[in-house]
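[1] Here is my input, please return the structure:
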Amino acid sequence: MAKHDRQPRPRRWISRRQRLILAATTAVVVAVVVGYFAYRAAANLPGVLMPDQGNLHIPTADSPHEPYNSDPPTSGPHLPYIAPWGVHTRPIPTPLQVHNLEDGGVLVQYNCECPELVEKLRAIVRRYDRHVILAPYPPMKSRIVLTAWTRLDAFEEPDEKRIVRFIEAYRGIDHHK
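    Numbering: from 1, shown residues only. You can find the predicted model right below:
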């Protein structure tokens, strides 16, 4: 076949350089969209995000350790065992609370002599067979505080939807590193 008899090569639809630019632009757009939705999802989580203080085990509740950055605590030094899930009538020591949080627990705590409130909270907590605790906690400033690993929500009046939303968002998420 002679040189002049060759068929001209069809032109590519887009050049290699244009494909690279298109791929890079697509990757950037996808990253921005995913980032936006991840940010919105995190921003819409219930409670206030607290800095993570780690998960160091301490031998006893009286063992010295760094102070917690919230009250009740949301992470940090804790005992090597957990409190039973469910309804408690006595306060749970803070190093014990933290291990329950690390194991995916949510604590619903109250600070008042208020049998009607406690009964409302008890009815909510009893819906869950694991990973939720109800207990009094006299030192806290608010009447009701919900805690999960690195999350805290404090308020004065019972709000069933708020409590259930918090429990459903964090219950069962293990935080062992």
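[2] Give the next helix or strand downstream of the one helix or strand in the chain whose mean pLDDT sits lowest.
    Taking mean pLDDT, DSSP states H and E as the measure, helix 16-43 is the helix or strand of the chain with the lowest mean score, a mean of 68. Per DSSP states H and E, helix 16-43 leads on to strand 48-49 as the next helix or strand towards the C-terminus.
[3] all strands of this protein, in order?
    For the chain, applying DSSP state E gives strands covering 48-49, 86-87, 106-110, 132-136, 144-148, 151-155.
[4] Including distance to Tyr68, mean pLDDT and mean neighbour count, could those strands go into a markdown table?
    Just so you know, the C-beta spots here come from the backbone N, C-alpha and C atoms, and that holds for glycine as well. Formatted as a markdown table, the strands of the chain follow (distance: least, CB to CB, whole Å; pLDDT from 0 to 100; neighbours: other CB atoms under 10 Å):
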| stretch | distance to Tyr68 | mean pLDDT | mean neighbour count |
| --- | --- | --- | --- |
| strand 48-49 | 14 | 98 | 12 |
| strand 86-87 | 24 | 98 | 15 |
| strand 106-110 | 13 | 98 | 24 |
| strand 132-136 | 16 | 98 | 22 |
| strand 144-148 | 11 | 98 | 26 |
| strand 151-155 | 11 | 98 | 19 |
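[5] will you turn those into TSV that also has distance to Arg162?
    Supplementary listing: the strands of the chain in TSV, determined by distance: least, CB to CB, whole Å:
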stretch	distance to Arg162
strand 48-49	13
strand 86-87	19
strand 106-110	11
strand 132-136	15
strand 144-148	8
strand 151-155	7
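[6] Which among those is found nearest to Asn55?
    strand 144-148 (13.9 Å; CB to CB).
[7] which residues does the residue nearest to the spatial centre of the chain contact?
    For the chain, the residue lying nearest the average C-alpha position, counting by CA atoms, centre = their mean, turns out to be Tyr170 (5.1 Å). The contact partners of Tyr170, taken as CB atoms under 8 Å, 6 or more residues apart in numbering, are 104, 106, 148-149, 151.
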